[in-house]
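Undergrad: Got a predicted model here, sequence first, then my questions.
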Amino acid sequence: MEKGEFAIIGIGEVPTGNYPERSEFEIAYTVSRMAIQDAGINKDEIGAILCAQHIMSNPDNDYNTEMVFGRLPEAIGARNCRVTCMTSSGGASSFSIRKTAEGILRSGETDTVLVVHAQRFSQFTANEQAKYFSVAGSDVEWEVPYGMTYNSLAAMITQAYMAHTGTTIEQIAAVCVACRKWACLQPNAMFNQKELTIEKVINARMVSYPLTTLMCNVLGDGGSAFIMTTAEKARRVCDKPVYILGEASDYSHRTITRAKIRDFNQLVDFLAPIAREAYERAGLGPEDMDIYEIYGSYPVIHLMIMDSLGFVEPGRSGALVEAGETSPGGKYPCSTNGEAMSFGHTGTGVGFAMLVESVRQLQGKAGKAQVPGARFVIENCGGGAFMDCHFTVLGTEIPG
Amino acid sequence: MNKEHIDINAIKAMLNLSDEDLKKPLPKPTTWSKPFWEAAKQHRLILRKCSKCGYIDHPPYLYCTNCHADEHEWIEASGKGTLAAYAINYFGVPFPFWADLPYVVALVDLPEGVRMISNIVECEFGELKNGMELEVVFDDVSEEITLPKWRPVKK
């Protein structure tokens, strides 16, 4: 990808939360129309529609099968759609699907791609969800038999990170407090009614020491969509296109025991080079970023991503968060939608939510959460049991 | 942290769970992992070592992940390890594990250069410390399956 070769020109999003009556199909159709309207294009301009994977399947009417079998172009009346497919890499899907979109745009088959995510967890029982996530996050042969869970993995990483960096449990909790502050400014966030306090987060029920319930993300129903196009078309049809300026990726492992960087304490050695590459490709640096849209899903990962972004000394991110510097009004706005912990975890959709929020901020449409004059954002996503990481620098102008 | 009493039968009735829902998930050995689990049953800890390049793979895969050779041997591990990181599960685990709460899951480093996720047993929570020395113990969880677990080395 050349710097600024592609752009996002429109977004759609529904509120995240517990909405059992709102089907995943309804979400997909709704956010598609919203994104088309927001982009100010005609639906017949869309030449490709890419869907993200729905987590867990309903055997009576399976969303993934329907999308793979071409339901969406028909349902939204995209008469000139030529290509449709599903692209998934779990939590990293927002990135892999965007790379797919870039490939399609570059092939010349079309100059307009619609990307859609939808998820409804609330149709599944607590036991069904528990069963799915007990094997999704952990290795079924080597970890699950020991009672390992996603939360335990995050707890282990937290424990090791705290021991190594001297980060306190108060600082870990401060991440949740900061994310909630942002979420309270977001109409689509799952938890946007009441701010948290460090005491409340620390004193919540212990899930997996040292993590309490309020340090773990919560699953919610939701979805979003965006329209991607070439820079040339973007300039023609959109007042404020959001250009993709630099991207970089790396893969680490499936099971944590095989992670590329063995030392939990040094995860920054895996993450920082990726961020650096994304900055370099954009021709920008950490100090140029107005917002850091971090998808950590747990406070410790949020801090590790911060550590890798180049604006804070690794290991000191907790202190910065505790001082309020990542909160609304702070010097380094981070995760302005509240990320998975307060916006809600919509399966493969957390990265989509971060990307959509990046676009909203850069286009100056973020309402109460707006960071004044935001021009450049770096955002990240990752999937599996912290299997990979992808950084993207976005901006409203293409630096020379 | 107090040990909260959990009545698994009450939970079972409340959530309408079947006996199957409460059965612990056990490893289903694959062609390439079978020797590991057969040895574990005999209370031996073995690791897959490539005969070509000497790389030790754990978890093992179909062929050497370093050089793609098939030829390999299974070596006896020392049975020693160190604690790299841990978590103590109190809540929110799959239902079959509710009766065990609270319990420790950990990342264990083996001197052979590989790591394992396992449980730390025979250890007070207050004694857990990253870097502490561990030794393997074998838990016969079913007739077919024995899980290697770890406990502190007694000084």
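TA: Thanks, I have it. Residues are numbered from 1 along each chain as shown, chains lettered A, B, ... in the order given.

Undergrad: Break down the chain into its helices, ranges please.
TA: All of this refers to chain A. With DSSP state H as the criterion, chain A has helices at A:24-39, A:63-68, A:71-75, A:93-107, A:126-136, A:150-165, A:169-183, A:198-202, A:231-237, A:268-282, A:299-308, A:317-322, A:339-342, A:350-362.

Undergrad: wrong chain, I was asking about chain B
TA: Assigned helices in chain B, in chain order: B:8-15, B:34-41 (criterion: DSSP H).

Undergrad: about what we covered before: buried deepest among the helices of chain A, which one?
TA: helix A:339-342 (a mean of 30; mean count of other Cβ atoms under 10 Å in any protein chain shown). Backbone N, C-alpha and C define where each C-beta goes, glycine included.

Undergrad: residue closest to the middle of chain B?
TA: B:S118 (3.2 Å; Cα atoms, centre = their mean).

Undergrad: Between the helices of chain A, which one is closest to A:A369.
TA: helix A:169-183 (6.0 Å; Cβ to Cβ).

Undergrad: wait, does that closest one make contact with chain B?
TA: No: against chain B, helix A:169-183 shows no contacts by Cβ under 8 Å from any Cβ of the partner chain, the least distance being 13.3 Å.

Undergrad: State the mean pLDDT of that helix.
TA: For helix A:169-183, mean pLDDT is 98.

Undergrad: thinking again about what came up before, how about the helices of chain B, which one is nearest B:P96?
TA: Proximity to B:P96 (Cβ to Cβ) singles out helix B:8-15 among the helices of chain B, at 9.2 Å.

Undergrad: Now do the helix or strand bottoming out on mean pLDDT in chain B: everything it contacts.
TA: Here the helix or strand of chain B ranked lowest by mean pLDDT, DSSP states H and E is helix B:8-15, holding a mean of 81. Defining contact as Cβ atoms under 8 Å, 6 or more residues apart in numbering or on different chains, one finds that helix B:8-15 is touched by A:T125, A:A126, A:N127, B:L17, B:D21, B:L22, B:F95, B:W98, B:A99.

Undergrad: Could you rerun that using 7 Å?
TA: A:A126, A:N127, B:L22, B:W98, B:A99 (Cβ atoms under 7 Å, 6 or more residues apart in numbering or on different chains).

Undergrad: Identify the residue nearest the closest residue to chain B within the stretch 51-200 of chain A in space, chain neighbours excluded?
TA: Relative to chain B, the nearest point of the stretch 51-200 of chain A is A:A155 (3.4 Å; Cβ to the nearest Cβ). Closest residue to A:A155 apart from its sequence neighbours, by Cβ to Cβ, 6 or more residues apart in numbering or on different chains: B:A87 at 3.4 Å.

Undergrad: pLDDT score assigned to that neighbour?
TA: 98.

Undergrad: ok, now A:K131?
TA: Reported pLDDT for A:K131: 80.

Undergrad: roughly how far apart are it and A:G383?
TA: Using Cβ to Cβ, to the nearest Å, we find A:K131 at a distance of 20 Å from A:G383.

Undergrad: do the same with A:T125
TA: Distance from A:T125 to A:G383, by Cβ to Cβ: 25 Å.

Undergrad: same check, this time on A:D221
TA: Taking Cβ to Cβ, one finds A:D221 at 20 Å from A:G383.

Undergrad: Can you pick out the residue with more neighbours from the two?
TA: Neighbour count, other Cβ atoms under 10 Å in any protein chain shown: between A:D221 and A:G383, A:D221 has more, with 27 against 22.

Undergrad: what's near enough to touch the more buried one?
TA: Contacts of A:D221 (Cβ under 7 Å, 6+ apart): A:T16, A:G17, A:N18, A:Y19, A:R22, A:Q119, A:R120, A:F121, A:S122, A:T346.

Undergrad: I appreciate the help and will end here.
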